Structure formats: structure tokens, C-alpha cells
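Q: below: sequence and its predicted model.
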Amino acid sequence: MNRHHTMKAEIQRVFPDIYLYVEAVSAKHIRVQEHESDHTAYILKDLDSDEDQAFIDKVSKISGKIYFAKTPIPVNKDKWFAIINSRTIYFIPIDGNKGLLGGRSNCDFIFWNKKDFCFVELKLNATATKDRAIRQNRLTAISQLTKTINYFDDKLNKNYHGLNLEAYVSTPDIYPRENTAWQSLKVEFLEKTGIDLFENRTKRY
């Protein structure tokens with residue numbers, strides 16, 4: 001069994017209701033955006049040619065029955081996270097009203113493929129450009145990532161079946177990239193979690 005399938009089996013063992021959340025997707029370009037109504041990350045599907053509307057799959061369990069609702073969502077390509085050339089990924093929303101853990105204090109989603117297991121926090125609604133505001137936004141994202149990583153480390157006994165672990169803070173393009181302030185946060189995060197931290201809106205294979 002391939003490592004990503006083994007990882008899925010392990011997730012299913014640990015979370016009995018994970019079938020409500022996990023989604024397997026095969027596409028050259030996979031785009032994830034948070035829905036403003038429930039603060040949950042979804043994979044965008046059936047993007048129109050103008051890339052201003054797509055659909056998401058909302059899943060609900062009511063009185064023991066599973067319901068799938070194909071729901072339109074307005075698209076803003078400045079607010080999506082893109083996974084490119086990965087082939088199949090497994091995706092789980094973590095935060096928000098419809099996420100696995102719910103609330104607003106964990107990262108937004110995780111995904112994994114044959115190579116990597118990634119934790120992603122979306123901070124694409126940020127508009128402030130002052131250094132202090134940027135630092136606080138990054139620190140909040142790192143706190144959410146760290147909390148989720150600790151949770152999965154505990155649940156999985158840190159066994160990710162040989163997959164490379166990565167964490168992403170997804171911030172607006174107006175943010176400075178790889179500046180000294182960010183580099184110090186990366187080093188601190190690596191020392192604390194053992195995981196490489198990236199500030200990017202794209203994971204490319």
C-alpha cells in the first residue's frame with residue numbers, strides 16, 4: 001500500500017467519522033478557499049471560465065443520515081491556496097463550523113499526497129501592512145498551526161508513515177516575503193515543531 005493510502009487508513013482508524021470530512025481529489029490544479037458563511041475551507045470545483053464562481057461540496061449528518069449539498073461559492077483568486085501538479089491528494093477541513101475540529105483556533109485544513117503531509121492556515125483577508133500588524137497576523141497563524149500539529153502528533157503518535165511534514169501560512173501578496181522578521185519565525189517554528197514553515201499561497205510539485 002502506498003504511503004498516502006496508509007496515512008488515510010490511519011486517519012480513518014483514529015477518527016471514526018472522518019468520512020464526513022476527508023476528500024480525495026485528482027487534478028492538475030487544486031484550489032482551496034474559505035467560505036465566508038461558515039469559515040470552513042473547501043476545494044473549489046467546476047470553476048467557470050472567468051474564475052469568479054465555483055461549487056463546493058457541503059456534507060452534513062442529520063439523524064444518522066449523510067447529506068451532500070453542491071453549493072455555489074463566489075470565487076476570489078486572491079484568496080485561494082493552490083496545489084499544483086500533485087495528482088491525488090487527500091484533503092480535510094479542520095477549522096470553521098464544518099471542519100473536523102471546528103472553532104477558530106486551529107489551522108484551516110490539512111492535505112497529503114504520496115510525498116508530503118501539509119498543515120495550512122489561510123490569512124488572506126488581512127489588509128494591514130504595518131510591520132506590527134503583519135507580525136501579529138503571522139504569530140496568530142503560527143499559533144493555530146502549532147495547536148493543530150500538536151493535536152495530530154498526539155492522535156497519530158507522531159507516525160505520519162514516512163511523509164514529509166510541512167506547514168504553510170498563506171498570506172496576501174502584499175506581505176514582504178522571506179524578510180528578516182519572517183526568517184526568525186521560521187527558525188523558531190522549526191526548533192519547536194521540527195517542521196519546515198513556509199509563507200506561500202501555492203504548493204507546487
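A: Received the coordinates, thanks. Numbering: from 1, shown residues only.
Q: I'd like to know how many residues surround the closest residue in space to K70 that isn't next to it in sequence.
A: Using C-beta to C-beta, 6 or more residues apart in numbering and skipping residues adjacent in sequence, the residue nearest K70 is F55, 5.2 Å away. Any C-beta I mention is one placed from the backbone N, CA and C, and that applies to glycine too. When neighbours are defined as other C-beta atoms under 10 Å, F55 has 18 of them.
Q: report pLDDT for F55.
A: Looking at F55, its pLDDT stands at 90.
Q: swap in C118?
A: Model confidence at C118, expressed as pLDDT, equals 98.
Q: OK, contacts around the residue nearest in space to the middle of the chain?
A: Geometric centre of the chain, nearest residue: F109, 2.8 Å, by C-alpha atoms, centre = their mean. For F109, the contact set (C-beta atoms under 8 Å, 6 or more residues apart in numbering) comprises 32, 41, 91-95, 99, 120.
Q: D173 - how many residues pack around it?
A: Quick note: D173 (other C-beta under 10 Å) scores 8 neighbours.
Q: rewinding a little: name the SS class of the residue nearest to K70, please.
A: Under DSSP: H, G, I helix; E, B strand; the rest coil, F55 falls in the strand class.
Q: K8 now?
A: From three-state DSSP, the assignment for K8 is helix.
Q: look at it and say how many residues are nearby.
A: 19.
Q: and stretch 198-205, what's its mean pLDDT?
A: Stretch 198-205 shows a mean pLDDT of 95.
Q: can you tell me the distance between the two ends of it?
A: Taking C-alpha to C-alpha, to the nearest Å, the span from the opening residue of stretch 198-205 to its closing residue is 15 Å.
Q: stretch 188-205 too?
A: 26 Å.
Q: measure the residue nearest to the residue nearest to the centre of the chain when sequence neighbours are not counted to N200 for me?
A: Counting by C-beta to C-beta, 6+ apart, F109 lies nearest to A41, which is 4.2 Å off, once chain neighbours are set aside. Distance of A41 to N200, computed by C-beta to C-beta, to the nearest Å: 16 Å.
Q: who has more neighbours, the two?
A: A41 (28 against 14).
Q: ranges for the strands of the chain?
A: Remark: strands assigned in the chain by DSSP state E are 23-35, 40-43, 53-62, 65-74, 80-93, 109-112, 116-122, 164-170, 196-199, 202-204.
Q: nearest to M7, out of the ones you listed?
A: M7 lies closest to strand 109-112 among the strands of the chain, at 5.7 Å (C-beta to C-beta).
Q: burial measure for S143, as a count.
A: Number of residues near S143 (other C-beta under 10 Å) recorded here: 14.
Q: ok, the one 4 residues further on next?
A: K147 has 14 neighbouring residues, counting by other C-beta under 10 Å.
Q: next, format the contacts of F109 as JSON lines and append distance to E166.
A: Listed next are these as JSON lines, based on distance: C-beta to C-beta, whole Å:
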{"residue": "V32", "distance to E166": "15"}
{"residue": "A41", "distance to E166": "16"}
{"residue": "F91", "distance to E166": "15"}
{"residue": "I92", "distance to E166": "15"}
{"residue": "P93", "distance to E166": "18"}
{"residue": "I94", "distance to E166": "15"}
{"residue": "D95", "distance to E166": "18"}
{"residue": "G99", "distance to E166": "20"}
{"residue": "V120", "distance to E166": "9"}
